[in-house]
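Q: Fold the following.
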Amino acid sequence: MTTKKESPQAQAKPVTAPDIRERKNGEKICCMTAYDYPSALLADRAGMDVILVGDSLAMVVLGHRDTLSVTVDDMVHHTRAASRGVTRALLVGDMPFMSFCTVDRALRTAHRLMGQGHAKAVKLEGGAAVAPQIKALTDAGIPVMAHVGLTPQHIAKFGGFKAQGKSADAARALIEDAQAVEEAGAFSVVLEAIPVEVSSLITEAVSIPTIGIGAGNVTDGQVLVQHDVLGLFDRFTPKFVRRYAELGQASEQAMAKYVMDVRRGLFPADKNTFFMPDDQVDQVRKIKVKKKK
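A: Down below sits the predicted model:
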């Protein structure tokens with residue numbers, strides 16, 4: 001009897017936050033979002049180093065217009081689902097809007113994401129302003145991924161999804177933010193939607209890995225939203241996205257074909273149908289059924 005062979009990812013040593021921390025200036029770090037068991041399973045099998053259960057699920061999964069509406073309960077639910085599909089990658093749970101506005105709230109949110117959601121690290125948005133929360137979390141033994149630049153939870157302040165750090169003063173502030181989160185104990189920092197010149201300076205200025213999303217090819221790694229990569233979200237496509245498939249279009253076409261086959265009586269076919277044994281067919285035909293009036 002043969003047994004199913006495990007994937008290389010299942011056999012590999014699980015990635016930890018210290019592993020990612022040590023990848024500074026090393027092999028590029030590959031990160032992608034996932035929001036449930038099947039998407040996390042695919043990302044893990046594909047060889048991702050980090051799987052982020054991002055608050056972007058508010059938009060690409062739950063249909064909200066921004067990320068502000070997602071709750072801690074939502075994040076815990078989706079992180080727990082994603083955790084069942086991950087065997088190798090580092091699973092990071094995103095801390096949603098206003099869930100880490102104080103040290104106490106940050107600790108409680110992180111406790112839920114790790115205790116109930118089974119995340120192995122958490123991510124929060126902000127620079128120097130959230131350094132006390134990052135320090136408290138790391139002091140409590142919770143690995144933290146930071147996030148500076150375009151922080152979607154602050155779009156009301158920014159006036160929309162706009163690139164950041166486009167002036168010398170703004171660039172200087174971002175560098176200071178990245179250094180502040182490193183000093184507070186973050187093991188890595190996401191740089192979103194900033195000029196490549198600025199991301200290069202930040203990558204040189206900190207000793208923790210930088211993971212870019214719209215920050216050029218000078219960072220220590222990259223992260224994208226899975227639905228953008230696979231063509232499953234078409235409301236808008238950020239400049240920094242590269243689509244590697246059009247699964248949304250392919251899925252729509254497949255379902256339309258199903259509708260056509262059902263209406264034409266082409267599905268289910270005999271190969272999709274259960275039949276009784278021959279010796280039972282005649283007996284079944286003798287069964288008298290009373291029709292309802």
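Q: quick one: the helices in the stretch 1-150 of the chain?
A: Ranges of helices in the stretch 1-150 of the chain, per DSSP state H, counting those that start in this stretch, are 8-11, 17-21, 37-46, 57-60, 72-83, 103-115, 131-139.
Q: To residue 237, which of those lies closest?
A: helix 57-60 (11.7 Å; Cβ to Cβ). The way it works is simple: take the backbone N, C-alpha and C, and place the C-beta from them, glycine included.
Q: From residue 261, how far off is residue 274?
A: The gap separating residue 274 from residue 261 is 19 Å, by Cβ to Cβ, to the nearest Å.
Q: same check, this time on residue 197
A: Taken as Cβ to Cβ, the span from residue 197 to residue 261 is 55 Å.
Q: ok, now residue 39?
A: Applying Cβ to Cβ to residue 39 and residue 261 gives a distance of 27 Å.
Q: now swap in residue 231 and tell me
A: 24 Å.
Q: Just confirm residue 191 is within a helix.
A: No: going by DSSP: H, G, I helix; E, B strand; the rest coil, the assignment for residue 191 is strand, not a helix.
Q: Return the per-residue confidence for residue 284.
A: Reported pLDDT at residue 284 in the predicted model: 89.
Q: Does it touch residue 278 like I think?
A: No: the pair residue 284 and residue 278 does not pass the contact test of Cβ atoms under 8 Å, sitting 11.0 Å apart.
Q: Bridge partners for the closest residue in space to residue 19 that isn't next to it in sequence, pull those for me.
A: Spatial nearest neighbour of residue 19, excluding adjacent residues (Cβ to Cβ, 6 or more residues apart in numbering): residue 90 at 7.4 Å. As for beta bridges, residue 90 partners with residue 50 under DSSP bridges.
Q: what about residue 90, how many residues close to it?
A: 26 (other Cβ atoms under 10 Å).
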